[in-house]
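**Q** sequence first, predicted coordinates after that:
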Amino acid sequence: MADTEPKEAGAAVYENSPAAEQVDTVNEMKTRQRAVPENEIPEEQRKIEKRLIRRIDIRLISILGILYSIAGLDRVNLSNARAAGMNADLGFNIGNRYSIALLVFFITYFLFEMPSTLSLRYIGPKLQLNGFVFSWGLVMLGMGFARDWRVIVVCRLLIGIFEAGFLPCCMYLLSSWYQRFEVQQRMALWYMINLFVSAFGNILAYALIKLNGSHGIEGWRWIFIIEGAITVGFAFIGYIFVLPFPDQMLASGKTGPFTREELEIVLDRVERDRGDADPDRLTLRKVFHHSLSWPLWVYGFMFMCCSAPIYAFAYFIQTILSTMGYSTAKVFLLCAPPYLFSMIWTYAVAIFADRSHLRMPWMVLNSAITLTGLLLTAYHHNNAVRYFGVFLGVSGCNANLPTIIAFQSNNVRSNSRRSVGSGVQMLFAALGGIYASCTFMNREYPTYRTGVWCAVATQFLLIILVALMWWYFTRCNKKADADPANNAIQEDEDFRYTF
């Protein structure tokens, strides 16, 4: 293990830091002693760390963002194919077939999310994440040759299996490289790549539709074929550039683009921030124990409240815009600006949240923006105002995604608890997709009033959950301040919940 190696970087940079090792009898993990407090780090060391983190950003954020954006593109291209003629060719305009195709994806997504997350440390990020990408890319490519609507349904089930663990695994991996109040900006940058691709994904789909008739293949099929082939190609690129966990790189001696000293600095930064740089062993007993922690489930419900409107807009934005009287070409083009604007808002929220060390107020603000946008889109009679509502709705719910993930990541300590927490939280992402698929019903076209009000309800629920956690965190922090030894938070006397 890295702890048994000489700590040249620690000695050079943190001359006054303790260097002993200890065994944590509470959670059975070997830990570093707490490094020098953040406010005592020399200025020269801060510059070294800043340059190192910039390199990590370029290497890690870019490739994970590209891979996740491909996942988002592949996940919602069913709606583009539907608008391009799949409805009539495969009979998706009959009954609730389209809703069924949307729904089944989330069933397998829900079932396989936790196992995929828990296996990440054993299989390794390089193999697992890119194996997922390669697999769903092949299935996506195959959807372009489907001749029966039921084949699409089966393919959606398979894509749900392969995409299930991708988001929580990315979140788990990112949180292992950064401190708590750096993580939201990184998650926002990662997610912005997805929003950018989503914005132009509709335009790409429209361009692919223009291939209609080439080689005797309908335009909507080209969407699946081309995008599936692109996905498979990026799986090989991802295998080259995706980074493992920093402690695994240090322990194996395969340090990649970093030196041992740089990896030690990464782990020391995490240690002085939250005290869990060295991973504790994940066991079934710990999985069961952590699963009984009710705050992890609250984080999950928060994420469901965020994901429901995200999926609603992703799957129905073309339908919403088509009710405003625009042509198919204009509908695809008008899908892009709301997502481009949401990139700006998402990153702005991340910057202010990290600098203020606050997440909760931004979660409430984004919820208010989302529900306002939903109601304007559903009830206003002026098309310009309804389109403005789409801007608000898309921006609010998408900005809340990295905010809620960062909120959970900031308030969970130890790698085993973080692994279980990420899995639990993302289970509810699937529930959000199921919720959106079931509440936006074809028989209510074009108003989708039930779906709109169900999405609005999730935003009110999110505000209530924020208030609950504010009360709980305040209570726990006060007790820990008064008597740290007997009221340690998550087995650490120095750890405090952040708001």
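**A** Yes, it's here. Numbers count the residues shown, from 1 in each chain.
**Q** number of residues surrounding residue 232?
**A** Using other Cβ atoms under 10 Å, residue 232 has 17 neighbouring residues. C-beta here means a position set from N, CA and C on the backbone, and glycine is covered the same way.
**Q** before we move on, what about residue 180?
**A** 19.
**Q** also residue 467?
**A** For residue 467, the neighbour count with other Cβ under 10 Å is 12.
**Q** in what helix or strand does it lie?
**A** helix 449-482 (DSSP states H and E).
**Q** how far does that helix sit from its chain's centre?
**A** Centroid displacement of helix 449-482 relative to its chain, using Cα atoms, centre = their mean, to the nearest Å, is 20 Å.
**Q** what about that helix, average pLDDT?
**A** For helix 449-482, the mean pLDDT works out to 92.
**Q** just stretch 82-95 next, same as before
**A** In this model, stretch 82-95 has a mean pLDDT of 82.
**Q** that stretch: how far from the chain's middle?
**A** 30 Å.
**Q** got the buried residues for it?
**A** In terms of neighbour count (16 or more other Cβ atoms under 10 Å), stretch 82-95 has its buried residues at 82, 83, 84, 85, 86, 87, 90, 92.
**Q** now tabulate these in TSV and tack on distance to residue 321 and secondary structure.
**A** Shown next, in TSV, are these (distance: Cβ to Cβ, whole Å; DSSP: H, G, I helix; E, B strand; the rest coil):
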residue	distance to residue 321	secondary structure
82	14	helix
83	10	helix
84	15	helix
85	17	helix
86	18	helix
87	16	helix
90	23	helix
92	19	coil
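**Q** make a markdown table out of these and add distance to residue 137.
**A** Below are these laid out as a markdown table (distance: Cβ to Cβ, whole Å):
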| residue | distance to residue 137 |
| --- | --- |
| 82 | 20 |
| 83 | 22 |
| 84 | 20 |
| 85 | 23 |
| 86 | 19 |
| 87 | 24 |
| 90 | 21 |
| 92 | 23 |
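**Q** which pair in those residues has the greatest spatial separation?
**A** 83 and 90 (13.4 Å; Cβ to Cβ).
**Q** now stretch 414-424, how far from the centre of its chain.
**A** Worked out by Cα atoms, centre = their mean, stretch 414-424 lies 14 Å from the chain centre.
**Q** other residues contacting that stretch?
**A** Contact partners of stretch 414-424, identified using Cβ atoms under 8 Å, 6 or more residues apart in numbering, comprise 27, 29, 113-114, 116-118, 120-121, 168-169, 171-172, 175-176, 276, 279-283, 286-287, 290-291, 293, 296-297, 299-300, 408-409, 412, 490-491.
**Q** tell me the pLDDT of the closest residue to residue 339 other than its chain neighbours.
**A** Closest residue to residue 339 apart from its sequence neighbours, by Cβ to Cβ, 6 or more residues apart in numbering: residue 199 at 3.7 Å. Looking at residue 199, its pLDDT stands at 73.
**Q** one step back: narrow the contacts of stretch 414-424 to those that are buried.
**A** 27, 29, 113-114, 116-118, 120-121, 168-169, 171-172, 175-176, 276, 279-280, 282, 286-287, 290, 293, 296-297, 299-300, 408-409, 412, 490-491.
**Q** could I get the full set of helices for the stretch 101-250 of the chain?
**A** 120-123, 125-143, 149-163, 166-175, 183-209, 219-241, 246-252 (DSSP state H, counting those that start in this stretch).
**Q** quick revisit: tell me the one of the buried residues of stretch 82-95 nearest residue 479?
**A** Of the buried residues of stretch 82-95, the one sitting nearest to residue 479 (Cβ to Cβ) turns out to be residue 82, at 53.5 Å.
**Q** hmm, residue 91 and the closest one touching each other?
**A** No: the pair residue 82 / residue 91 is not scored as a contact, 11.5 Å apart, by Cβ atoms under 8 Å.
**Q** got the contact list for residue 470?
**A** With contact set as Cβ under 8 Å, 6+ apart, residue 470 has these partners: 360, 499.
**Q** about what we covered before: now render the helices of the stretch 101-250 of the chain as JSON lines, adding distance to residue 466.
**A** JSON lines is the format used below for the helices of the stretch 101-250 of the chain (distance: least, Cβ to Cβ, whole Å):
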{"stretch": "helix 120-123", "distance to residue 466": "29"}
{"stretch": "helix 125-143", "distance to residue 466": "31"}
{"stretch": "helix 149-163", "distance to residue 466": "28"}
{"stretch": "helix 166-175", "distance to residue 466": "20"}
{"stretch": "helix 183-209", "distance to residue 466": "16"}
{"stretch": "helix 219-241", "distance to residue 466": "35"}
{"stretch": "helix 246-252", "distance to residue 466": "32"}
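**Q** pick the most buried one from these.
**A** Ranked by mean neighbour count under mean count of other Cβ atoms under 10 Å, the helices of the stretch 101-250 of the chain are led by helix 166-175, which reaches a mean of 24.
**Q** so which bits of stretch 362-372 are buried?
**A** 362, 363, 364, 366, 367, 369, 370, 371, 372.
**Q** leaving out sequence neighbours, find the closest residue to residue 234.
**A** Per Cβ to Cβ, 6+ apart, closest to residue 234 is residue 70, 5.7 Å.
**Q** state the distance from the most centrally placed residue in the chain to residue 298.
**A** For the chain, the residue lying nearest the average C-alpha position, counting by Cα atoms, centre = their mean, turns out to be residue 167 (4.7 Å). Shown here: residue 167 relative to residue 298, a distance of 19 Å by Cβ to Cβ, to the nearest Å.
**Q** can you check residue 284 too?
**A** Taking Cβ to Cβ as the measure, residue 284 falls 23 Å from residue 298.
**Q** neighbour-wise, which of those two wins?
**A** residue 298 (18 against 8).
**Q** nearest residue to that one in space, please, no chain neighbours.
**A** Residue 298's closest residue in space is residue 465 (Cβ to Cβ, 6+ apart), at 5.7 Å.
**Q** same thing with residue 87?
**A** residue 93 (4.5 Å).
**Q** pull the contacting residues for the residue nearest to residue 298.
**A** Contact analysis of residue 465 by Cβ under 8 Å, 6+ apart lists 298, 301, 302, 305.
**Q** quick revisit: out of the helices of the stretch 101-250 of the chain, nearest to residue 333?
**A** helix 183-209 (6.5 Å).
**Q** and the angle from that closest one to helix 219-241?
**A** 140 degrees (axes from the mean of the first three to the mean of the last three Cα atoms, to 10 degrees).
**Q** which other helices and strands does helix 183-209 contact?
**A** helix 62-81, helix 166-175, helix 219-241, helix 328-334, helix 336-356, helix 383-410 (3 or more Cβ pairs under 8 Å, 6 or more residues apart in numbering; DSSP states H and E).
**Q** output the third one as CSV, nothing but the C-alphas.
**A** Backbone C-alpha positions of helix 219-241 (Å, rounded to 0.1, in the frame of the first residue of the first chain) are rendered in CSV as follows:
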residue,chain,number,x,y,z
GLY,A,219,-33.6,8.6,-41.9
TRP,A,220,-34.6,7.7,-38.3
ARG,A,221,-32.5,4.5,-38.6
TRP,A,222,-29.4,6.5,-39.4
ILE,A,223,-29.7,8.2,-36.1
PHE,A,224,-29.2,4.9,-34.2
ILE,A,225,-26.6,3.5,-36.7
ILE,A,226,-24.3,6.5,-36.8
GLU,A,227,-24.6,7.5,-33.1
GLY,A,228,-24.1,3.8,-32.1
ALA,A,229,-20.9,3.5,-34.2
ILE,A,230,-19.6,6.8,-32.7
THR,A,231,-20.2,5.4,-29.2
VAL,A,232,-18.3,2.2,-29.9
GLY,A,233,-15.4,4.2,-31.2
PHE,A,234,-15.2,6.4,-28.1
ALA,A,235,-15.1,3.3,-25.9
PHE,A,236,-11.6,2.6,-27.2
ILE,A,237,-10.5,6.3,-26.7
GLY,A,238,-11.9,6.2,-23.2
TYR,A,239,-9.9,3.2,-22.3
ILE,A,240,-6.7,5.1,-23.0
PHE,A,241,-7.6,8.2,-21.1
